[in-house]
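>>> need coordinates for the following:
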Amino acid sequence: MLRVEILLTGASGFVGSLLLPRLLEQGHAVTALTRDPERLAATLAGAGGPQPRILGGDAVSGAGLREALDGIELAFYLIHSMERGSGGVSFVERERDAAGNFAEAAARSGLRRIVYLGGLVPHWSPSGASKGPPRASRHLASRHAVEEILMQAIPDSLALRASIVIGARSRSFRLLVRLLERMPVIALPAWERFRTQPIDERDLTAMLLACATSRLSGEVLEIGGPDVLTYGEILARIAELMLIGRPALRIGVNMTGLAGRLAAAIATEDPELVVPLMEGLQGDLLPRADHAAERLGVRLHSFNAAVEHALAEWELTEPLAAR
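Numbering: from 1, shown residues only. Here you go, the predicted structure:
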């Protein structure tokens, strides 16, 4: 196995925490960049085996990026936050600032490749006058903008676009589970008929891991699980696997702002996260058939298997009221 000098940003986040031990197991030299190095060090203190070098830094301000990128061949860019910053700065501005700072530092360092995890966006005609996908929500448009910034800076980079990730720490999945636990009747807005392809956290991690040594270069890979489901079907399947019955009420309209804030209150989640996510439910979000899983050598888990695994992992640390 080829040993690569890797910088892992977002190392303490949902996806980063899954990827870090896998990179170390494969023998890569990993530098983990985090805004709270003491917390990450404490989290890893009990883990056996090889350890990463931990550095403090912040892409939004640019602090620590030069040191972190020194001698690095490949960087995983897993920085993503939809909470509003200090001074009322929107998440869109924060994401652009972070990507711009990282891209500039990466280009100066001579970095060979960035692997970026973004989100699926609605497809559009590149001949149109608008910049970016016209139907994209703030959230999805921001993910696309970050992708462009990074790939323009380092052309040999790879971008993975995913929809819902099914995992015990995935905030999208946790939101759905909490709503099913706490709502006696599931109100389904008009977006319940739109389709997507959720992906198992294990499959996403395996694809990212494969990107560390893949010969693919300068490509955008749209990824998803094997099952195409409507959002209504996703909720019904999760409820079934949680062994609960929830009648559905189709309301025929979206009311995104109100519904998002209500869902956030019920799930005790931040509306700054939930509302932008719901704004993205404007149509199908399906990966194009570029066979990304086969090209990266990853065998996909079914949606049911993904949910069962996520619920089992969740229950290792926290009981589920409905189970």
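>>> low-confidence ranges in the protein?
Low-confidence segments of the chain (pLDDT under 70): 1, 82-88, 123-136, 252-259, 273, 275-276, 321-323.
>>> what ranges does it have for its strands?
Taking DSSP state E as the criterion, the chain carries its strands at 5-9, 29-34, 53-56, 74-77, 113-119, 158-162, 165-166, 186-188, 195-196, 199-200, 219-222, 229-230, 248-250.
>>> any chance of JSON lines for these, columns mean neighbour count?
To be clear about C-beta, it is placed using only N, CA and C from the backbone, and glycine gets the same treatment. Compiled in JSON lines, the strands of the chain are given as follows (neighbours: other C-beta atoms under 10 Å):
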{"stretch": "strand 5-9", "mean neighbour count": "24"}
{"stretch": "strand 29-34", "mean neighbour count": "24"}
{"stretch": "strand 53-56", "mean neighbour count": "16"}
{"stretch": "strand 74-77", "mean neighbour count": "26"}
{"stretch": "strand 113-119", "mean neighbour count": "25"}
{"stretch": "strand 158-162", "mean neighbour count": "24"}
{"stretch": "strand 165-166", "mean neighbour count": "27"}
{"stretch": "strand 186-188", "mean neighbour count": "17"}
{"stretch": "strand 195-196", "mean neighbour count": "20"}
{"stretch": "strand 199-200", "mean neighbour count": "26"}
{"stretch": "strand 219-222", "mean neighbour count": "19"}
{"stretch": "strand 229-230", "mean neighbour count": "17"}
{"stretch": "strand 248-250", "mean neighbour count": "12"}
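>>> list the contacts of the residue lying closest to residue 296 once chain neighbours are set aside.
Closest residue to residue 296 apart from its sequence neighbours, by C-beta to C-beta, 6 or more residues apart in numbering: residue 210 at 4.1 Å. Residue 210 makes contacts with 296-298, as judged by C-beta atoms under 8 Å, 6 or more residues apart in numbering.
>>> what about residue 278, how many neighbours?
By the other C-beta atoms under 10 Å criterion, the neighbourhood of residue 278 contains 24 residues.
>>> next: the one 3 residues further on.
Counted with other C-beta under 10 Å, residues neighbouring residue 281 total 19.
>>> spit out the contact partners of the nearest residue to it once chain neighbours are set aside.
Nearest non-adjacent residue to residue 281, counting by C-beta to C-beta, 6+ apart: residue 191, 3.7 Å away. For residue 191, the contacting residues are 231, 254, 278, 281-282, by C-beta under 8 Å, 6+ apart.
>>> quick check: residue 191 vs residue 175, distance?
14 Å (C-beta to C-beta, to the nearest Å).
>>> for residue 240, state which of the contacts of residue 210 is nearest.
residue 298 (26.3 Å; C-beta to C-beta).
>>> quick one: contacts for the closest one?
203, 206-207, 210.
>>> once you drop chain neighbours, what's closest to residue 227?
Nearest to residue 227 is residue 303, by C-beta to C-beta, 6+ apart, at 4.1 Å.
>>> turn the strands of the chain into JSON lines, including distance to residue 310.
As requested, the strands of the chain are exported to JSON lines (distance: least, C-beta to C-beta, whole Å):
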{"stretch": "strand 5-9", "distance to residue 310": "22"}
{"stretch": "strand 29-34", "distance to residue 310": "24"}
{"stretch": "strand 53-56", "distance to residue 310": "28"}
{"stretch": "strand 74-77", "distance to residue 310": "22"}
{"stretch": "strand 113-119", "distance to residue 310": "18"}
{"stretch": "strand 158-162", "distance to residue 310": "15"}
{"stretch": "strand 165-166", "distance to residue 310": "5"}
{"stretch": "strand 186-188", "distance to residue 310": "19"}
{"stretch": "strand 195-196", "distance to residue 310": "16"}
{"stretch": "strand 199-200", "distance to residue 310": "8"}
{"stretch": "strand 219-222", "distance to residue 310": "22"}
{"stretch": "strand 229-230", "distance to residue 310": "15"}
{"stretch": "strand 248-250", "distance to residue 310": "22"}
